[in-house]
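Undergrad: Have a look at this prediction, sequence included:
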Amino acid sequence: MMINDIIRESATEHEVYFLLTSYVEAVRFGDKLQCLSESMLNLPLTGMDDVSERFEKLIVELDAASRRLDDGTCVLIKEALQVFGAATSRLRRLDVERNRIAAETYRHAA
């Protein structure tokens, strides 16, 4: 099972951030060519907005690498896009779910 799949099945935000942090640390350690920008690899992750912003920056980086015909960098960025995309999507779904539960709890309490 790939990290994307595990992130998509995460039960909590904490799990998503833990997995995403682990991914960033692995990339930092293994990226000998320094293909990803330092801003992508900075830790800690500071929340859903941070994850979304990094995803958007990866799109820009992929465009730039594609224009340079840098296939190796494109592969790494595409992988990072998949991971950050899965995390962004899962965090949004967990947020919607949490808001729904809070609204139901409020309705029943009133």
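TA: Received, thanks.
Undergrad: Report all helices and strands that the longest helix anywhere in the chain contacts.
TA: Of all the segments of type helix in the chain, defined by DSSP state H, the longest one is helix 71-109. With contacts taken as 3 or more Cβ pairs under 8 Å, 6 or more residues apart in numbering; DSSP states H and E, helix 71-109 sits against helix 3-8, helix 13-30, helix 48-67. The way it works is simple: take the backbone N, C-alpha and C, and place the C-beta from them, glycine included.
Undergrad: try 10 Å this time
TA: On a contact count with 3 or more Cβ pairs under 10 Å, 6 or more residues apart in numbering; DSSP states H and E, helix 71-109 meets helix 3-8, helix 13-30, helix 38-41, helix 48-67.
Undergrad: Quick check: mean pLDDT of the second one?
TA: Pointing back at helix 13-30 there. The average of the pLDDT scores along helix 13-30 is 94.
Undergrad: Identify the residues contacting Gly47.
TA: 13, 17, 53, 91 (Cβ atoms under 10 Å, 6 or more residues apart in numbering).
Undergrad: ok, the second one - contacts?
TA: With Cβ under 10 Å, 6+ apart as the criterion, the residues that contact Tyr17 are 7, 10, 44-48, 50-51, 87, 91.
Undergrad: Please apply the same query to the first one.
TA: Neighbouring residues of Glu13 by Cβ under 10 Å, 6+ apart: 47-48, 87, 90-91, 94-95, 98.
Undergrad: Repeat the analysis, applying 7 Å as the threshold.
TA: Counting by Cβ atoms under 7 Å, 6 or more residues apart in numbering, Glu13 touches 91, 94.
Undergrad: Tell me, please, the helix or strand in the protein that averages the lowest pLDDT.
TA: helix 38-41 (a mean of 85; mean pLDDT, DSSP states H and E).
Undergrad: so what does that helix touch, helix or strand wise?
TA: helix 13-30, helix 48-67 (3 or more Cβ pairs under 7 Å, 6 or more residues apart in numbering; DSSP states H and E).
Undergrad: Thanks a lot, catch you later.
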